[in-house]
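Engineer: quick one, what's the 3D model for this:
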Amino acid sequence: MRYISTRGRIDSISFREAVIMGLATDGGLLLPESIPTVSTGELKSWAKLSYSELAFKVMSLFITDIKAGDLQGLVGRSYTAFDHPEITPVVKKGNIYILELFHGPTLAFKDVALQFLGNVFEYLLLESGHKMNILGATSGDTGSAAIYGVRGKKNINIFILHPYKRVSPIQELQMTTVTDANVFNIAIKGTFDDGQAIVKAIFNDIPFKETHSLGAINSINWARVLAQIVYYFYAYFRVREETGREEISFAVPTGNFGDIFAGHIARRMMGKGFHRLVLATNENNILTRFINTGDYSIGKVVPTISPSMDIQVASNFERYLYYFYSEDAERVRAAMKSFSKNGHLKFTKKEQSLVRKDFAGQSVDQSATLKTIRSFYEETGYILDPHTAVGVRAGLDLREPDVPMVCLATAHPAKFGEAVSQALGREPELPPGLQGLAEREARCEVLEADIDVIRDYLHKNAI
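Structural biologist: Numbering: from 1, shown residues only. Here you go, the predicted model:
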């Protein structure tokens, strides 16, 4: 399998090269040259596999330049730190199924991909003798998951930007209390979108990127999306086995479009089985506006109780646009150039109807999120974190009779204790992994949200 850019101005590259490159050197995002299809026979044989076995089967279709035995080892090691034997278990609660993606070391869905990516980075760097400086921006969970994925690993330094005092207290502590010598936490005086823009701009400075061997852990890295495809297959098999239904819907809370894009790829691979993909946002609703009205335009970031979704520029949207524009890289490049200049893209009525064949969309505000946490707990005894509650609300509202609905639970509720307390009058019990964080040593630099300031900091501290 070879990889290409959404903007069409690089030669095809291997998976190894794609992982190291992160953001394509022409400013686009990397995608496989083709999306493999899974036969009926393969679907039947995959249905009973363990999570790690299934991950190896799915990833093998996209990774053809790492020996099978080595890849199997990388996949196996990536999920040893999870506290549930199924890795991403599916539980029935009320009228829906919950796909629990928070059993990794930082209790967020990002662990599923970033434990794998950290192992792949180390494998490739040790093999080549090269070094890497990972640069990423986080709205909360990506940062801690990335840090835990590479902390203490050889030949890697990691620099994570998060918006100062705009992540939950526990999210902040999970990042800043990791004091390994190769970990650099940077709190920028701005929003997540500011941080993401700085990261993209630095990656687009090709001489600087190459001089400092920069690598990406944000969902711009294709390996992130690839790892997330697996749990859609896993959940599909579990729910199909329980219900006997051949079609299943998914509700996905998202801000950056990466998680639901993985579902979109899984659906294309399977060719059937996915009835509906429901995209759920909070008040920062650029993606639901795109789906429902054809309006993809930047608004002002609204701080909410689901901060990981407080995003107005969805970095993975360009990947979907590539397929939506029938793999026309020239059209994608023109659209993204226009978006960069004007801050908006418009879609015709005909195009909107095509989008709605791929996705349904709903925006869930803070009041509805709190009510959902409360009502869902009263009905089922199950506590939702605010991001998951956004997905559950949309999933319940857009669920169709006789079609099972799976809602992705993207974080443990204890990571957002203040929001849960607003809804239930008490905070959830802290799991062992989150206890005592406030007493640990912390290290973090507070810097201006300025590309030159961040570039200078990187230059001084790069490995």
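Engineer: look at the closest residue to residue 97 other than its chain neighbours and give its secondary structure.
Structural biologist: In space, residue 97 comes closest to residue 406 once its chain neighbours are excluded; the distance is 4.5 Å by C-beta to C-beta, 6 or more residues apart in numbering. Just so you know, the C-beta spots here come from the backbone N, C-alpha and C atoms, and that holds for glycine as well. Of the three states, residue 406 takes strand under DSSP: H, G, I helix; E, B strand; the rest coil.
Engineer: quick one: residue 220 is in a strand?
Structural biologist: No. With three-state DSSP as the criterion, residue 220 is coil rather than part of a strand.
Engineer: can you name the element that comes right after whichever strand or helix holds residue 332?
Structural biologist: Residue 332 is located in helix 329-342, with elements delineated by DSSP states H and E. Heading C-terminal from helix 329-342, the first helix or strand you meet, by DSSP H and E, is strand 344-346.
Engineer: hmm, back to that, tally of neighbours for the residue nearest to residue 97?
Structural biologist: 26 (other C-beta atoms under 10 Å).
Engineer: repeat that for residue 154.
Structural biologist: With other C-beta under 10 Å as criterion, residue 154 counts 10.
Engineer: one more: residue 335?
Structural biologist: 18.
Engineer: all helices of the stretch 301-450 of the chain, in order?
Structural biologist: 317-324, 329-342, 349-358, 366-380, 386-398, 417-424 (DSSP state H, counting those that start in this stretch).
Engineer: and the gap between residue 134 and residue 376?
Structural biologist: 37 Å (C-beta to C-beta, to the nearest Å).
Engineer: more neighbours: which of the two?
Structural biologist: Legend: neighbour count by other C-beta under 10 Å for residue 134 and residue 376, higher for residue 134 (29 against 23).
Engineer: who's in contact with the more buried one?
Structural biologist: 121, 146, 150, 156, 157, 158, 159, 214, 215, 216, 217 (C-beta atoms under 8 Å, 6 or more residues apart in numbering).
Engineer: in three-state terms, label residue 275 for me.
Structural biologist: Applying three-state DSSP: residue 275 is strand.
Engineer: if you skip the residues just before and after it, what's nearest to it?
Structural biologist: residue 247 is the one closest to residue 275 (C-beta to C-beta, 6+ apart), at 4.0 Å.
Engineer: how close does that neighbour sit to residue 405?
Structural biologist: 11 Å.
Engineer: over to residue 165?
Structural biologist: Taken as C-beta to C-beta, the span from residue 165 to residue 405 is 35 Å.
Engineer: next: residue 425.
Structural biologist: For residue 425, the distance to residue 405 - C-beta to C-beta - is 28 Å.
Engineer: of the two, who's got more company?
Structural biologist: residue 405 (23 against 8).
Engineer: what about the nearest residue to the more buried one once chain neighbours are set aside, neighbour count?
Structural biologist: Closest residue to residue 405 apart from its sequence neighbours, by C-beta to C-beta, 6+ apart: residue 399 at 4.4 Å. By other C-beta under 10 Å, the residues close to residue 399 number 18.
Engineer: tell me the contacts of residue 92?
Structural biologist: So residue 92 contacts 98, 242 (C-beta under 8 Å, 6+ apart).
Engineer: list the contacts of residue 116.
Structural biologist: Contacts of residue 116 (C-beta under 8 Å, 6+ apart): 55, 74, 75, 78, 223, 227.
Engineer: three-state assignment of the first one?
Structural biologist: What three-state DSSP gives for residue 55 is helix.
Engineer: phi first, then psi, for the residue nearest to residue 141 when sequence neighbours are not counted.
Structural biologist: Once flanking residues are discounted, residue 141 sits nearest to residue 108: 3.8 Å by C-beta to C-beta, 6+ apart. When read as degrees, to the nearest 10, the backbone of residue 108 gives phi -150, psi 160.
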